[in-house]
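Visitor: here is a sequence together with a model predicted from it:
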Amino acid sequence: MKKVTFEIFRYDPDKDNEAYYQTYEVEIRRAGYLMLDALNQIKWEQDPTLTYRRSCREGVCGSDGLNVNGVNMLSCMTKVEDLNSDHIIVQPLPGMNVMRDLVTDVDDFFNKFITVKPYLIRKSPTPDKEFYQSPEDRKLLDGLYECIACGCCSSSCPSYWADAKYLGPNAFLRAWRYLADSRDEGAEERLPILNDQHGVWRCHTIYNCVEACPKELNPTDAIVKIRKMLLDTQF
Amino acid sequence: MSVNVEYHKFDVVVVGAGGAGLNAAQVASQHVKTAVVSEVYPTRSHTISAQGGISASLGNLEEDHWHWHMFDTVKGSDYLADQDACEYMTRRAPEMIIALEHIGLPFSRTPEGKIAQRPFGGHTAEFGKRAVKRACYAADRTGHAMLQNLYEKSVEQGTHFYSEFYALELLENDGHVNGVICYDIQNGGLHVFHAKSIIFATGGNCRIYQTNSNAHINTGDGLALAMRKGMSWSDAEFFQFHPTGIYGAGNLITEGVRGEGGILLNKDGERFMERYAPTIKDLAPRDIVSRSMMKEILEGRGVGPNADHILLKIDHIGADAILEKLPGIHELALVFAGVDCTKEPIPVVPTAHYQNGGIPTNHLTQVIKGDMDGEALVPGFFAAGECASASVHGANRLGTNSLLDLVVFGRTAGEEAAKYAKENNFVELEEDAGKEGKALLEKFANANGTHTFGTVWNELTNIMQKNVGVFRTEELMTEAIEKLDEIEAKMDDFKVVDKSTVYNLDLIEALELNNMILVAKAATKAALERKESRGGHYRDDYPERDDEKYLKHTEVYLEEDGKNPRVTHRPVRMKPLTVETFPPKPRVY
């Protein structure tokens, strides 16, 4: 059975003055063995003190965003064999405070996407039946609503690291998901938030977020569209 | 170990932040001060994984009626569901779908811009005559879209969130449920939430099976907490084995795949469902399809070197249709089966997916005492979603009825709990409130014995998989009970290696395992006592349904010792709210 070395970031504020890396040997037990299988193997068979987040184990809940060999990804969707490496370095998502081991503080991240008012805002009366929305208008939401709030995008963004108040690609993608929705009438309320100095203009269009998104979404494109909407409506 | 306890007071406290919990919370928050405590951040609850759809007789593509939906639900349940609850749920369904659409759920659309609908297992028109398009969907990410929307809505409504809080004990005083004590996973703190109403929306427990479609967190905690306070678990023997779990991994391939034209094939390339359910074939209810697949496998017509799985063929509907209507499935098949489903079939096998029963409630989600002497209410206590049983799923749940259940009963729980909170005063906490929860926490935090989570959980899931699975017998289950007692004994010689107060997952897993063992014992005991075959509960030694003896709910309680399950029964509520009863009939499709 093939063995792979995992070098994992460790830090427990209860006992460690500083972080360190710990090495584990992991057996790759079948084809398609996932990073999450490897972490579970370490936790359940070698070292129960290793801590990380996980929930759905199929790439939709966004709990297990990690930095693996320098790249942000979900542990439950990443096959060890696809990393083409016998030595794998696992770290918490960068740009977020480490709570312990691979677990980061995500409160700030969640609070930021909430500030863009991510819900349908209506001024006109609501019909008794569903809002009618053409398949073409519905298609505009594809690539937007699939966001799983894993944090991989924001945590890969230098602007997010540099500016503690920067809303980040995730919040912008979520904002555009509603701005692009034919049923929504909330642009007036949302645009000033996005036009702030910590808003869309701080993006440097380096596409790190696009590279990092495990769901292959495109926050940069959303940012560009928000900017265009701002230019069209505010200036 | 924390000694200080922080106290919080809310009118309504919801435990669990899945679809039911969040729908309850956003409704209750419109009326009273409401908090949600959840083991994970709300958008990470297991509702997120629901794929194919949510049913409602909108009739957007062809004629449909809630009464037909009610019939399908009752028949699907093998007549074990309570018919008043079935009427309530199916009648309220269209209004609920519209409400979800109004808060932004990105449903797929018909060419005219209405909510699109597709067929699903067991859904028929005119009381069983033909399959009907009843499942509303957002591609194959319906649960994901719904959970995100409900979270956003509840934030807008001002719900207070306590994320990564693990519930240790349900609190009560003089029969009134009045709080819950929780452990803050992030820093080891203890918190007592004092409330007028408590809503349990704690989800399922299929992590007790080795092959399962459930999230890591689905460990039956809410059920265990309720049972330790003298509540029963209704219909504990009924687990749903979803026919199409990905072979080896267990992750789900939605029934929507078969709704879009996917078919199951055995090793001879035969579409075998034609033999078992000639009318609706691959769209038969889940228990029937699962059993048919297992039968094919047991009779040597399984696929692969070990002849131990079945193929789900979908490529014939075309790559474009697959990528538009089932994009998530395409991704899952690639990652977990290594298969491009636009070209090759997906290897599948039945996987433990859903617990049909739960904490018994009436159709207004008020928790009831589930014994034969009537249905006394437990004041201040409400339950909704997979942890609860109103009951609408009985012996077998129809696909798409789980999302509907959690939306309808989640909303009802929010409405009823808020109403209760407005009409009643706080019931004082007992002086030593939370002492059992604290003791449990201390027991495991200080556990320095021999056994660790990995091995014990493995033994537990192994025995459940082999002995209390799709096919069951007296012998298998008696053996399971003996084995489960041995496993339980290991918890007194357990070891939690991690001693940190910060994000101690080792400790949480120990507490979860402790609950899973209780749940597994109760389920096995219930299954052993039901000497008939009904819905998802199939006994090789009693292959027929026996209405004379078993047209009744099982209720499992814990004996006074807090360990051993005791089984009693409760009549099925056969009388609907306004229409006539659907009398039990043989269940053929």
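Guide: Happy to help now that I have it.
Visitor: contacts, neighbours, all on C-alpha from now
Guide: Will do.
Visitor: what's the per-residue pLDDT of B:Asp373 here?
Guide: B:Asp373 is assigned a predicted lDDT (pLDDT) of 63.
Visitor: what does the stretch 51-200 of chain B put close to chain A?
Guide: Contact residues (CA under 8 Å from any CA of the partner chain) of the stretch 51-200 of chain B with chain A: B:98, B:101-104, B:106, B:108-115, B:141, B:144-145, B:149, B:152-153, B:155-156, B:186.
Visitor: and those residues, which are buried?
Guide: Neighbour counting over those (16 or more other CA atoms under 10 Å in any protein chain shown) leaves B:98, B:101-104, B:106, B:108-110, B:113-115, B:141, B:144-145, B:149, B:152-153, B:155-156, B:186 as the buried ones.
Visitor: which residue ranges form the helices in chain A?
Guide: With DSSP state H, the ranges of helices along chain A come out as A:35-41, A:107-115, A:135-139, A:158-162, A:168-179, A:187-194, A:208-212, A:219-234.
Visitor: show me what the last one is packed up against.
Guide: If you count contacts as 3 or more CA pairs under 8 Å, 6 or more residues apart in numbering or on different chains; DSSP states H and E, helix A:219-234 packs onto helix A:168-179, helix A:208-212.
Visitor: ok, 6 Å please
Guide: Applying 3 or more CA pairs under 6 Å, 6 or more residues apart in numbering or on different chains; DSSP states H and E, one finds that helix A:219-234 contacts helix A:168-179.
Visitor: centre of the chain to the helix it packs on, how far?
Guide: The chain centre lies 12 Å from the centre of helix A:168-179; the measure is CA atoms, centre = their mean, to the nearest Å.
Visitor: mind giving me the packing neighbours of it?
Guide: Using 3+ CA pairs under 6 Å, 6+ apart: helix A:168-179 touches helix A:219-234.
Visitor: show me which residues of the helix it packs on are buried.
Guide: For helix A:219-234, by 16+ other CA under 10 Å, it's A:Pro219, A:Thr220, A:Asp221, A:Ala222, A:Ile223, A:Val224, A:Lys225, A:Ile226, A:Arg227, A:Leu230.
Visitor: may I see those residues arranged in CSV, with pLDDT and distance to A:Asn208 as well?
Guide: As requested, the buried residues of helix A:219-234 are exported to CSV (pLDDT from 0 to 100; distance: CA to CA, whole Å):
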residue, pLDDT, distance to A:Asn208
A:Pro219, 98, 10
A:Thr220, 97, 9
A:Asp221, 97, 12
A:Ala222, 98, 14
A:Ile223, 98, 13
A:Val224, 97, 15
A:Lys225, 97, 17
A:Ile226, 97, 18
A:Arg227, 97, 18
A:Leu230, 96, 23
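Visitor: first vs last residue of stretch A:87-96, how far apart are they?
Guide: This stretch, stretch A:87-96, spans 24 Å end to end (CA to CA, to the nearest Å).
Visitor: may I see the buried residues of that stretch?
Guide: A:Ile88, A:Ile89, A:Val90, A:Gln91, A:Pro92, A:Leu93, A:Pro94, A:Gly95, A:Met96.
Visitor: and for stretch A:31-45?
Guide: A:32-44.
Visitor: same thing with stretch B:212-227?
Guide: B:212-227.
Visitor: any regions of chain B where pLDDT drops low?
Guide: B:1-3, B:372-373 (pLDDT under 70).
Visitor: for it, longest helix please?
Guide: helix B:505-529.
Visitor: coming back round to it: wait, which of the helices of chain A is closest to B:Arg44?
Guide: helix A:107-115 (12.0 Å; CA to CA).
Visitor: what residues sit buried inside that closest one?
Guide: Of the residues in helix A:107-115, those buried (16+ other CA under 10 Å) are A:Phe109, A:Phe110, A:Lys112, A:Phe113, A:Ile114.
Visitor: distance from it to the middle of the chain?
Guide: On CA atoms, centre = their mean, the centre of helix A:107-115 falls 12 Å from the chain's centre.
Visitor: touching chain B at all, that helix?
Guide: No - if you take CA under 6 Å from any CA of the partner chain as the test, helix A:107-115 misses chain B, and the best it gets is 7.4 Å.
Visitor: now what about that helix, what contacts it?
Guide: A:Leu167, A:Ala171 (CA atoms under 6 Å, 6 or more residues apart in numbering or on different chains).
Visitor: now with 10 Å, please.
Guide: A:96-97, A:149-151, A:154-155, A:164-175, A:190, A:193-194, B:41, B:43, B:151-152, B:155-156, B:163 (CA atoms under 10 Å, 6 or more residues apart in numbering or on different chains).
Visitor: out of these, which are buried?
Guide: Neighbour counting with 16+ other CA under 10 Å marks A:96, A:149-151, A:154-155, A:166-175, A:190, A:193-194, B:41, B:43, B:151-152, B:155-156, B:163 as buried within the contacts of helix A:107-115.
Visitor: any idea how far chain B is from the residue positioned nearest the centre of chain A?
Guide: The centroid of chain A falls nearest to A:Gly151 when counting by CA atoms, centre = their mean (2.4 Å). As for A:Gly151, its distance to chain B is 12 Å (criterion: CA to the nearest CA, to the nearest Å).
Visitor: go ahead and confirm that residue touches A:Tyr160.
Guide: No - using CA atoms under 10 Å, A:Gly151 is not in contact with A:Tyr160, being 11.1 Å away.
Visitor: which residue packs closest to the residue most central in space within chain B, ignoring adjacent ones?
Guide: Nearest residue to the geometric centre of chain B (CA atoms, centre = their mean): B:Glu386, 3.3 Å. Once flanking residues are discounted, B:Glu386 sits nearest to B:Gly203: 4.7 Å by CA to CA, 6 or more residues apart in numbering or on different chains.
Visitor: what is the burial count for that neighbour?
Guide: 32 (other CA atoms under 10 Å in any protein chain shown).
Visitor: show me the contacts for it.
Guide: Counting by CA under 10 Å, 6+ apart, B:Gly203 touches B:15-21, B:45-47, B:217-223, B:354-355, B:358, B:384-388, B:406.
Visitor: next up, the contacts around residue 120.
Guide: Went with chain A since none was named. A:177-179, A:181, A:183-186, B:101-105, B:149, B:152-153.
Visitor: ah, I was thinking of chain B
Guide: B:52-55, B:131-135, B:254-260, B:282-285, B:398-400.
Visitor: just checking, which of those belong to strands?
Guide: Secondary structure from DSSP state E places B:Ile54, B:Ser55, B:Ala131, B:Val132, B:Lys133, B:Arg134, B:Ala135 of these in strands.
Visitor: can you redo those as JSON lines with neighbour count?
Guide: Below are those laid out as JSON lines (neighbours: other CA atoms under 10 Å in any protein chain shown):
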{"residue": "B:Ile54", "neighbour count": "26"}
{"residue": "B:Ser55", "neighbour count": "29"}
{"residue": "B:Ala131", "neighbour count": "20"}
{"residue": "B:Val132", "neighbour count": "26"}
{"residue": "B:Lys133", "neighbour count": "24"}
{"residue": "B:Arg134", "neighbour count": "29"}
{"residue": "B:Ala135", "neighbour count": "25"}
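Visitor: so can I have JSON lines of these showing distance to B:Asp84?
Guide: Formatted as JSON lines, the ones in strands among the contacts of B:Phe120 follow (distance: CA to CA, whole Å):
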{"residue": "B:Ile54", "distance to B:Asp84": "20"}
{"residue": "B:Ser55", "distance to B:Asp84": "18"}
{"residue": "B:Ala131", "distance to B:Asp84": "24"}
{"residue": "B:Val132", "distance to B:Asp84": "23"}
{"residue": "B:Lys133", "distance to B:Asp84": "24"}
{"residue": "B:Arg134", "distance to B:Asp84": "21"}
{"residue": "B:Ala135", "distance to B:Asp84": "22"}
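Visitor: between those, which is nearest B:Leu61?
Guide: Using CA to CA, the ones in strands among the contacts of B:Phe120 come closest to B:Leu61 at B:Lys133, 6.9 Å.
Visitor: I'd guessed the closest one sits against B:Ile115; true?
Guide: No - contact criterion CA under 10 Å: B:Lys133 and B:Ile115 do not qualify, at 11.5 Å.
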